[in-house]
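**Student:** Give me the fold of what follows.
(4 chains)
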4 protein chains.
Amino acid sequence: MRQQPQSIADFREQARRRLPRFVFDFIDGGSGSENTLAENRSALDRHRLVGRAPVDVQACSQSVTLFGRDYSMPVIIGPTGLAGAAWPRGDVDLARAASKAGIPFVMSTAATATMEEVAAAEAGAKWFQLYIFKDRAVSARLIAKAKALGFKALEVTVDNAIPGRRLRDARNGFSLPFRWTPAKLASLAAHPAWSMRMARAGAPRLEVMAAELGLDEADTIAELMQSQLDPSVGWEDIKWVRDAWDGPLIVKGMLDPGQVAKAVETGVDGLVISNHGGRQLDGAVATIDILAEFRAQAGSRLTLLVDSGFRTGSDIARALALGADAVQVGRATLFALAGGGEAGVRRALDILKSELEIAQMLMGARAIQDFGPAMLRSPRPLRAP
Amino acid sequence: MRQQPQSIADFREQARRRLPRFVFDFIDGGSGSENTLAENRSALDRHRLVGRAPVDVQACSQSVTLFGRDYSMPVIIGPTGLAGAAWPRGDVDLARAASKAGIPFVMSTAATATMEEVAAAEAGAKWFQLYIFKDRAVSARLIAKAKALGFKALEVTVDNAIPGRRLRDARNGFSLPFRWTPAKLASLAAHPAWSMRMARAGAPRLEVMAAELGLDEADTIAELMQSQLDPSVGWEDIKWVRDAWDGPLIVKGMLDPGQVAKAVETGVDGLVISNHGGRQLDGAVATIDILAEFRAQAGSRLTLLVDSGFRTGSDIARALALGADAVQVGRATLFALAGGGEAGVRRALDILKSELEIAQMLMGARAIQDFGPAMLRSPRPLRAP
Amino acid sequence: MRQQPQSIADFREQARRRLPRFVFDFIDGGSGSENTLAENRSALDRHRLVGRAPVDVQACSQSVTLFGRDYSMPVIIGPTGLAGAAWPRGDVDLARAASKAGIPFVMSTAATATMEEVAAAEAGAKWFQLYIFKDRAVSARLIAKAKALGFKALEVTVDNAIPGRRLRDARNGFSLPFRWTPAKLASLAAHPAWSMRMARAGAPRLEVMAAELGLDEADTIAELMQSQLDPSVGWEDIKWVRDAWDGPLIVKGMLDPGQVAKAVETGVDGLVISNHGGRQLDGAVATIDILAEFRAQAGSRLTLLVDSGFRTGSDIARALALGADAVQVGRATLFALAGGGEAGVRRALDILKSELEIAQMLMGARAIQDFGPAMLRSPRPLRAP
Amino acid sequence: MRQQPQSIADFREQARRRLPRFVFDFIDGGSGSENTLAENRSALDRHRLVGRAPVDVQACSQSVTLFGRDYSMPVIIGPTGLAGAAWPRGDVDLARAASKAGIPFVMSTAATATMEEVAAAEAGAKWFQLYIFKDRAVSARLIAKAKALGFKALEVTVDNAIPGRRLRDARNGFSLPFRWTPAKLASLAAHPAWSMRMARAGAPRLEVMAAELGLDEADTIAELMQSQLDPSVGWEDIKWVRDAWDGPLIVKGMLDPGQVAKAVETGVDGLVISNHGGRQLDGAVATIDILAEFRAQAGSRLTLLVDSGFRTGSDIARALALGADAVQVGRATLFALAGGGEAGVRRALDILKSELEIAQMLMGARAIQDFGPAMLRSPRPLRAP
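**Tutor:** Here you go, the predicted structure:
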């Protein structure tokens, strides 16, 4: 199938063909036995949607308000490191596509473009994803810079106390900067378009971190992260960020509903319920299976975002019905980026929006707020044994 | 296996061989990830039948009364658009086969024969499936014509507020009228019998809609539908149809048991519980998993029909045991139509009747009304989370 | 693997190699979509065994008492029609093997040996399986003959009100007597040992029925059965058999626990809970999933036998733990019969006994009566919806 | 993939390539239909882990105290017979690797090295696994010798009342001493490195048993065991061991929570909940599915170890969360042993420790005791029907 992608699954197949194996695997892979990766899909499929008709859905709208700002749909391009491996300065393309689609783009601290470049590209609602580094001064400078450049919200990633074991990367010898093994060079020859783009643009660099940290070579991005990230991060550190940042503050990487009270106490505005796309804790619960517990704990006190494995409009509808305010995508737009830069990403967002609109209209939900649990039929929830 | 089909599954395999890919895919495919399509089968298989013997089942009968008329079995040939792509003027063959089998045939508004042709072919109980068009006058004229031509019941489809994304059609470049790409022409050469039939009969046309709407070219049947169907349709529109039609009124495309009260209030006589054969809402609940909730809500106030994935007599028995009054088939008879026109359809109906008779006799259900939930063993029902 | 079979699964593979396709399929196949066949295996696997140690199991015994007689293990060679297609006069080999193993053999009315031959071969506990024919006089004569020849118990099959649709047989053109199509003749050439045995012994005939009914040609064994069996059979007919037979009376083919009271009232001694090995009701519940309901209804008033898909000692242990008194096997010993006549069957029985002994010893059940539900861990039971 | 193994799954693949088939199958195989083997994996996967962040996990430790001694992690190299088939004198390599990793090694009575050799190799916490032989004097001598050589704990295996039927061994003609069939000789040629090692070191012998029992040839290790092990072993025999051994006493091979009270009464210190890695009772419950019942019965009165199918750090985390004090591995380290002797085993232990550390840090469990059921989301537990 060499045709126009019709779904995120098609974009994934396209990316598999167009990217060298070690790059595709870096994006596509999960940690350990990739058991969480598989569960993310299976768990979504277990929750079945209830169509509702006849309902007047002519004036149907996907727009949502998140942290006081309106967006065209409850979809956020979430932070993904090393986007430049998929497409030169891919972060900028992601930002532009999000801006044009009227949705937030969350720039990663592991971006391959500078904060200035992204800030310039995204006229709308750019958010910044922050790591809490061992050297807190680095994080402090990034917060200040985000504020100065007009980033609207801060997403602090907390599920990186230690990197997951990404075995595909270890097997492929994926390193930063790229180290050119014979296998990788052979892979370049088989992917001339990608290679030419990279040759012209130069190999991707973690621009933000390079500027702040003066990076050395590292075997894998995981090792790099491990050397810089601080496993001591607790709620007091979130409090520290809270004091330093007066915009919306989102904590990314939550799986335990027992932490909701702490989040509220700490003055956090929102959470991203996440298993890091199956790239961290091998065997983690799927986010769709824990979301309702979060909403039950949080009530209306927190904005709840969710990610990890959402690939279709129906997946987004499942999350909304279970209490999410919006869904973050990561690989979905990276696969599209790999296929055609900004244009690819825009097409992927169009597809998601169209699929969501279809789900919404067929489920009789005129507005995003109309989604609720009565629109699902699900097996008994997993629970603590 | 080039033998006489012994089951609907055999007819499907036969159709896969005999039809050009783009036609087979149009019939066989579902929307989005085709996840609903797969679930329709899995969900049926989870409900296990309880045989009951020894019970005197000599005078066993499959006959049912629906809306005051007797039929030979609780099976209805449901409305399917573009039947003529499977067999020239296929709607007429379906009507004739239904008539001879003593069961209702529901003519689709997207039929490829005229209402007059079908009315002439079906001596027995022809029903008419109605879309509510943006231009209500078209729908009004169709109602009047159905009445004039002696159609016995009206089935108003409501789960088409927007068409599902049928990716096989998009990939195959399925369009109306057929546009002859090299791939499609090659496909013709590989299916000479089908091609010759089409050459003689002319490409199929949506005769009813063409007459009423003066159709333009459209990329896909989905786009065509989207341009004509009205997403504002609500229960007031059903009321409008109710006032215009004094025969039995059936609303097709229900998945939400919460709407039963509205249906009763509106004076509707029956429902078709349906996920449109997995062609609309991707991720929809299987109808067998929601049927019992409908029966619990409706009591005896509504006739409940069900469709989406029923392929065997045992499937029909499952639906009857869970409270359905009858089952509509769509692809089952289309596959058979593709294999041999009216004769194929008659054979398919014979197989279904024979399979149902076997299930019935082995389950000790002398009459269709004897089916009940005690004849099933099922996992805990899915429920709203 | 051309080695000595180590399990019933090995015997099945051996039979697949040694038998012509149309014969193997006749034995191995199920009805309709063969969905019950698959479920029989899956359902057994869902019930997990609890090992119990350390328990003194030195004096462990498999012996059971059924209807007042002792047997070496709770396994019965159940009735299977047309055993002679697997091995000439195979019924006699089955009888001899059962006799030597000290377990009952149930001769089928559709046997390919005469009642006299089987009676002579089985010194021990031969039982007779009875059909209730349209012509009750035939059944009456068979009862009288069974009594005269010393058969110890009568098993009346009741789940044959109509034969299931065995599609493999229909596709293979399986008929009685064998009709030699080119495909079947080719199949003979590929299986010279089987062909030579059949050439010497003559094609198998339904000796009992031929003698009593003067059989005509029939397209399939199913059609033959349908022409002779009486769909009006109810509990009054069982009462009629009860009055005619003063030995243990067993009703075979029960799936509905709601009929237990009737069975007790009618004076029946035992039941065979059965879905006919997946050969009758397509979609039927697995017997392991309905057995506990039967035991709950029956208490100690009935001997409960179970069949349909039991292939290992652990499967037998599951049935015993859920309340069965013994397990009937059918295909297990037929596959072995096909592999080597009586010697094959004896080996299969040895394997089953050895596997049961292992399960028993590892589960700490010194005697068969020690098995109980506390030795299982199972998912929630299926139930009437 | 000829690279450095990154997971236990990789070590298994490496072992499959490096070992002759009959040796790999001896290690990898299970009993009967290998249904327990498959269930061990599936059951673990059904229990989903809940990540917990942000939690300060800087001072995270894997250390545990078992029977009054500290170990570096809650992992034990469990007893496995015939380790020398994987690597000459492999027991010594396992002991050394365990010693260096700071974890217990449990020497098997079916070891291929002498107790003196292992005692010398393991400076740390060596434990001894004991069979209760028909000849109790042999067991008594082994207890005395274990005490004299400084073994710290005794693990008495009780789930061997009879050996499971390991069909791969039967098919491969696996015997002790090795009998050289043509297939096995051919297999040697294909595995020159293994063959050369064995040629140099001599074929493995069950050194402990040979010294004590003066072994004859046996067809399989199972037959050998059956001839020596005593099926009469009950709690009184455990009492006898208890009286003879004053160190920690562990009973290995428990699956029935109903026996916990007996264990406590008998003065046992710990249990190994085990289905013998799927090598004994075919169809046994997975240990992860029965563990919580054991903890509920035992409270803090017993140390609970668990084995059977644990392959990743996340698997270990699952067991800890459900109440295990530590996990025993068997095949995990045998596969690694086959790949590179002591160095392989050390790498496997490093991987397990690293994976456990990751799980622990991402689950916010600073210490092993912090694991608890709130960190899991599981389906409803299996239960006695």
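**Student:** What confidence value was assigned to the residue in the stretch 51-200 of chain A that chain D sits nearest to?
**Tutor:** Of all residues in the stretch 51-200 of chain A, A:V158 sits closest to chain D, at 4.0 Å by Cβ to the nearest Cβ. The way it works is simple: take the backbone N, C-alpha and C, and place the C-beta from them, glycine included. As predicted, A:V158 sits at a pLDDT of 97.
**Student:** try A:D219
**Tutor:** At A:D219, pLDDT is 58.
**Student:** wait, what's in contact with whatever residue of the stretch 101-250 of chain A ends up closest to chain B?
**Tutor:** Per Cβ to the nearest Cβ, the residue of the stretch 101-250 of chain A with the smallest distance to chain B is A:A101, at 18.3 Å. Taking Cβ atoms under 8 Å, 6 or more residues apart in numbering or on different chains, we find A:A101 in contact with A:S72, A:M73, A:R346, A:L349, A:D350, A:K353.
**Student:** dump the residue contacts of A:G150.
**Tutor:** Residues A:A119, A:K126 are the ones in contact with A:G150 under the rule Cβ under 8 Å, 6+ apart.
**Student:** Would you verify that it is located in a helix?
**Tutor:** No - under DSSP: H, G, I helix; E, B strand; the rest coil, A:G150 falls outside any helix and is assigned coil.
**Student:** Poorly predicted segments of the stretch 101-250 of chain A, please.
**Tutor:** Applying pLDDT under 70 to the stretch 101-250 of chain A flags residues A:215-220.
**Student:** burial measure for the residue of the stretch 51-200 of chain A closest to chain D, as a count.
**Tutor:** A total of 26 residues lie near A:V158 under the criterion other Cβ atoms under 10 Å in any protein chain shown.
**Student:** interface residues of the stretch 251-385 of chain A facing chain B?
**Tutor:** By Cβ under 8 Å from any Cβ of the partner chain, the residues of the stretch 251-385 of chain A that approach chain B are A:292, A:312-315, A:317-318, A:322, A:354-355, A:357-359, A:361-364, A:373-381.
**Student:** Next step: these restricted to strands.
**Tutor:** A:L376, A:R377 (DSSP state E).
**Student:** how about the strands in the stretch 51-200 of chain A?
**Tutor:** Secondary structure of the stretch 51-200 of chain A by DSSP state E, counting those that start in this stretch: the strands cover A:64-66, A:69-71, A:75-77, A:105-107, A:126-130, A:153-157.
**Student:** Quick check: which of those strands is buried the most?
**Tutor:** Mean neighbour count (mean count of other Cβ atoms under 10 Å in any protein chain shown) peaks for strand A:105-107 among the strands of the stretch 51-200 of chain A, with a mean of 29.
**Student:** Mind jotting down where the strands sit in the stretch 201-350 of chain A?
**Tutor:** Using DSSP E, counting those that start in this stretch, strands in the stretch 201-350 of chain A cover A:249-254, A:270-273, A:303-306, A:326-329.
**Student:** related to what we said a few turns ago, pull out the buried members of the residues of the stretch 251-385 of chain A next to chain B.
**Tutor:** A:292, A:312-315, A:317-318, A:322, A:355, A:357-359, A:361-364, A:373, A:375-379 (16 or more other Cβ atoms under 10 Å in any protein chain shown).
**Student:** Now do the residue found closest to A:R136 once you drop the neighbours it is linked to in the chain against A:A148, distance only.
**Tutor:** Excluding the flanking residues, the one nearest A:R136 by Cβ to Cβ, 6 or more residues apart in numbering or on different chains is A:W240, at 7.4 Å. Computed as Cβ to Cβ, to the nearest Å, the A:W240 to A:A148 distance reads 19 Å.
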